[in-house]
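**Student:** Requesting a structural model of the entry that follows:
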Amino acid sequence: MARYTGPKTKISRRFGELVTGNGKWLTKNSNPPGQHGGTKKRKTLSEYGVQLKEKQKAKYTYGVLEKQFRKTFEEAARKKGVTGENLIKLLEARLDNTIYRLGIAPSRQAARQMVSHKHITVNGEVVNVPSFSCKPGDSIGLKNKSAANTTITGNIRGKNPKFSWLDWNEGDLKGTFITYPERESVPENIKEQLIVELYSK
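**Tutor:** Next up, the predicted model:
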């Protein structure tokens, strides 16, 4: 599947915050990308422009392209509850994002590669689809051969305690997707209501 492979810090500079990559150059040069950088007078965004920018930020953050993002939104709209919150929950439940949150991979891009290369199992079965949607109770871990590979296990840093919707067993190198996260527990700076308004036009 196609995905963004361009310069990651450039994307973060466009939004003025860490969106992709490690952001080590963001503080050094936080001006918008382009020949004139921060000296160019930028036009004030219209309401549509603000909404579109927020959608693009969410897409870059989770590494999802337009067609898949729209499908995720439509699924969120069909579910009971607040559509915007449902959207974030579904994005967080993606297998590549869950691998990243569990600390098995250092970034979502690395997590996506691990899944595509068949290093990851869900409930004991190898899954190589990064967009696979985890369900409460799913057990996520490394394939036996991958668990013996020090190159892979050396990157495991363990789950951040604030991600309470996930559980990580250091001994077994396995994690559990306990439940869908509440919106306030997800640290990403995304105004999902703007995305809902954009798709509602």
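
**Student:** All the helices of this protein, in order from the start?
**Tutor:** 8-15, 47-62, 66-78, 83-92, 95-101, 108-116, 144-147, 150-153, 192-199 (DSSP state H).

**Student:** which other helices and strands contact the fifth one?
**Tutor:** Applying 3 or more C-beta pairs under 8 Å, 6 or more residues apart in numbering; DSSP states H and E, we find helix 95-101 packed against helix 83-92, helix 108-116, strand 120-122, strand 138-142. (Each C-beta comes from the backbone N, C-alpha and C, glycine too.)

**Student:** So for residue 191, which of these sits nearest?
**Tutor:** helix 83-92 (8.5 Å; C-beta to C-beta).

**Student:** picking that back up, ok, which of the helices of the chain comes nearest residue 175?
**Tutor:** helix 95-101 (7.5 Å).

**Student:** most centrally placed residue in the chain?
**Tutor:** residue 62 (2.9 Å; C-alpha atoms, centre = their mean).

**Student:** Now that it has come up, it's in contact with residue 94, right?
**Tutor:** Yes - under the criterion of C-beta atoms under 8 Å, residue 62 makes contact with residue 94 at 6.7 Å.

**Student:** wait, what's in contact with residue 185?
**Tutor:** 162, 163, 164, 165 (C-beta atoms under 8 Å, 6 or more residues apart in numbering).

**Student:** Would you mind listing which of those residues are buried?
**Tutor:** Using 16 or more other C-beta atoms under 10 Å as the burial test, the contacts of residue 185 include 163, 165 as buried.

**Student:** tell me which of the contacts of residue 185 is nearest to residue 101?
**Tutor:** For these, the nearest to residue 101 is residue 163 (5.2 Å; C-beta to C-beta).

**Student:** give the contact list for the nearest residue to the closest one once chain neighbours are set aside.
**Tutor:** Of all residues not flanking residue 163 in the chain, residue 101 sits nearest, at 5.2 Å (C-beta to C-beta, 6 or more residues apart in numbering). By C-beta under 8 Å, 6+ apart, residue 101 lies in contact with 92, 159, 160, 163, 166.
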